[in-house]
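>>> everything below, folded, please.
(one chain, ligands or ions: 1)
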Amino acid sequence: MFNREKYNQERAEALKAQIKDLEKRFEEYIEKNIDVRNQTINNVATPDVVKKIMETPIGCQGRDPREVGDEIADCIMGATIRTNHPRFFSFVTSAISPYSIAGEVLSCLYNPNMGSYMISQGPMLVEEKLVKWAGSLAGFDADTVGGIFTSGGSLSNLTGMIAGREAKLPGREDLSRAVAFCSDQAHSSIRKGMRMMGLRNDQIVIVESDDKFKIRTDRLTEAIDLAIAEGKKPFLLVGTIGTTNTGSIDPLDKLGAIAEKYGLWLHVDGAYGGSILFSDIYRNLAHGLERADSFSWDFHKWALQTYSCSCVIVKDKTNLLNAFSEHPEYLEDVISTEHNDGWDLGIEMSRPARSIKLWYTIQAMGTDLIADIIDYSFFNASIAAKRFAEAEDFEIISTPSCGTINVRYAPKDVDPALYDKLNVKISDELINSGYAFIVTTVLKGKKCLRMIAINGNTDTADVLSTVEKIKEIAKTVKKETV
Ligand SMILES: Cc1ncc(COP(=O)(O)O)c(C=O)c1O
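Next comes the predicted model:
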């Protein structure tokens, strides 16, 4: 028989013990990471870890929580690549502010449900305020702007594009002949999202990018004209600030003019590059963003936040409400009139308060310090590019943009047919060395090394030593391969 009194008492004691235990774990984490620069990055699950996790029973009776916590900290979390390492140059991933961690912990502790304004007023006001702030940086009107914090760029992009579908294809009668456009450098979540919105592959037009990996607007207008001539209904255009491959920024002003001319919804994926809005130096690269209808911005990519913390901002909030509002009978009493409920602005119903950690960070650090980190990323990528350009066997495939560069080892005395293989081997060797983490991508048919220098823990010395390490590895790989 369930003993409520005993359960309550044990639960209160467990919470106290867990908080004490967490303090100890935080200290251990700090201790372990103080010297992270001299530790290897590449922690994968050893056969022992795999066995341990797979063989741990899910039992009817609980066990010592300290033992469980130890296993999580050491064994489970120990088997993760150290993305906080200063020489982790892959994925679009952020160093973490202590205030983001504190905000995350507080959000967990209070556990507000961000579906409803009525039951989570404080955190919902914070979210509203941050959406207006982000919207004002994007150049949107504070009176009409709306938005919502989501789990990441993928969901933010989907949310913005669905708002566009509802605005441009009301009633959806035209959905079967609707066409959406994005560049060959758009993130996979754009194509995935378009498919999830009900578009077939032949309704998604991928437009070629230029030699700077920006969408070719001449090709775009040709493609739109062709679609119209074929009796199709162009309705959505997606541009990017900070493409995943190269950090390139599409010509947003031109995209805005095209969207206006053809009556398209313009969504801008700023999941990665949106954070340039923090920077007084680089903000102008997002010129034209004010012409967009919706905009995604991930704070867990380049603004010091833990996963997950993303935001979609829509110029006219009505479009979000039209797309997502649902008022079932069981919510009638809690529907808010003066403020919006989270469930009316997006896909999720119950949501964590993802905006609290960003609020904590911005309030505690100020935006200038985040801007410095953004500016420093640009600087570090430029330094890397300079060093690679000086090394005669490396070709710069994409010039630095938003802290990312792509280079290719291309020794002149080796058959170019071997270059792809050489670059994959360099990446493998570098990762296996545990010194730095860089993976390859393919640009204009060429396999290259993609270095994303946006990790706020990275010093210029880390960039320079990694370039030297790559040059060293390249020589060995060449000897072994040719
Ligand atoms: C430009 C861009 N958009 C969207 C995404 C998807 O973001 P998330 O992984 O948070 O869903 C990424 C991920 O790297 C990205 O680089």
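>>> shaky segments in this structure?
Judged against pLDDT under 70, the chain has no low-scoring part.
>>> what parts of it come near the ligand?
Residues of the chain lying close to the ligand by CB under 6 Å from any ligand atom are 92, 152-154, 157, 187, 189, 240, 242-244, 269, 271-272, 298, 310. Heads up, the C-betas are built off the backbone N, CA and C, glycines and all.
>>> so what's the residue lying closest to Thr46 once chain neighbours are set aside up against?
Leaving aside its chain neighbours, Thr46 sits nearest to Ala79 (7.2 Å; criterion: CB to CB, 6 or more residues apart in numbering). Residues near Ala79 by CB atoms under 8 Å, 6 or more residues apart in numbering: 43-46, 49.
>>> now Ala79: how far from Ile438?
Ala79 sits at a distance of 21 Å from Ile438 (criterion: CB to CB, to the nearest Å).
>>> from Gly434, how far off is the residue nearest to Lys421 when sequence neighbours are not counted?
Nearest residue to Lys421, sequence neighbours excluded (CB to CB, 6+ apart): Thr481, at 6.4 Å. Separation of Thr481 from Gly434 (CB to CB): 22 Å.
>>> those two: who's more crowded?
Neighbours per residue (other CB atoms under 10 Å) separate Thr481 from Gly434, with Gly434 holding more: 15 against 11.
>>> excluding its backbone neighbours, what's nearest that one?
Gly434 sits nearest to Thr40 (CB to CB, 6+ apart), 2.9 Å away.
>>> all strands of the protein, in order?
Here the chain has its strands, by DSSP state E, at 146-150, 178-183, 204-207, 233-240, 265-270, 294-298, 310-314, 394-401, 404-409, 439-443, 446-452.
>>> please produce CSV containing the ones you listed, extended by distance to Glu128 and mean neighbour count.
Shown next, in CSV, are the strands of the chain (distance: least, CB to CB, whole Å; neighbours: other CB atoms under 10 Å):
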stretch, distance to Glu128, mean neighbour count
strand 146-150, 9, 28
strand 178-183, 30, 26
strand 204-207, 33, 19
strand 233-240, 26, 27
strand 265-270, 20, 30
strand 294-298, 16, 31
strand 310-314, 11, 29
strand 394-401, 32, 21
strand 404-409, 33, 26
strand 439-443, 38, 17
strand 446-452, 32, 24
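>>> in TSV, list the ones you listed along with distance to Glu31.
Formatted as TSV, the strands of the chain follow (distance: least, CB to CB, whole Å):
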stretch	distance to Glu31
strand 146-150	33
strand 178-183	46
strand 204-207	49
strand 233-240	40
strand 265-270	37
strand 294-298	30
strand 310-314	31
strand 394-401	35
strand 404-409	32
strand 439-443	30
strand 446-452	28
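>>> list the residues that contact the residue nearest to Gly434.
Per CB under 8 Å, 6+ apart, neighbours of Thr40: 82, 434-435.
>>> Ala417: which of those is nearest?
Tyr435 (28.7 Å; CB to CB).
>>> what is the neighbour count of the closest residue to the closest one other than its chain neighbours?
Of all residues not flanking Tyr435 in the chain, Lys469 sits nearest, at 5.6 Å (CB to CB, 6+ apart). Close neighbours of Lys469, defined as other CB under 10 Å, add up to 18.
>>> give me the residue from the stretch 1-150 of the chain nearest the ligand.
Val92 (4.2 Å; CB to the nearest ligand atom).
>>> hang on, that residue packs against Ile454?
Yes: with contact defined as CB atoms under 8 Å, Val92 reaches Ile454; the gap is 6.9 Å.
>>> mutual contacts of these two, please.
301-302.
>>> more crowded one of the two?
Using other CB under 10 Å as the criterion, Val92 and Ile454 rank with Ile454 on top: 28 against 22.
>>> ok, now which ones touch Phe91?
Residues in contact with Phe91 (CB under 8 Å, 6+ apart) are 83, 452.
>>> could you redo the last one with a cut-off of 7 Å?
Applying CB atoms under 7 Å, 6 or more residues apart in numbering, we find Phe91 in contact with Thr83.
>>> biggest helix in this protein by residues?
helix 4-33 (DSSP state H).
>>> ok so, going back, from the residues of the chain next to the ligand, which land in helices?
By the criterion of DSSP H, membership of those in helices covers 153-154, 157, 189.
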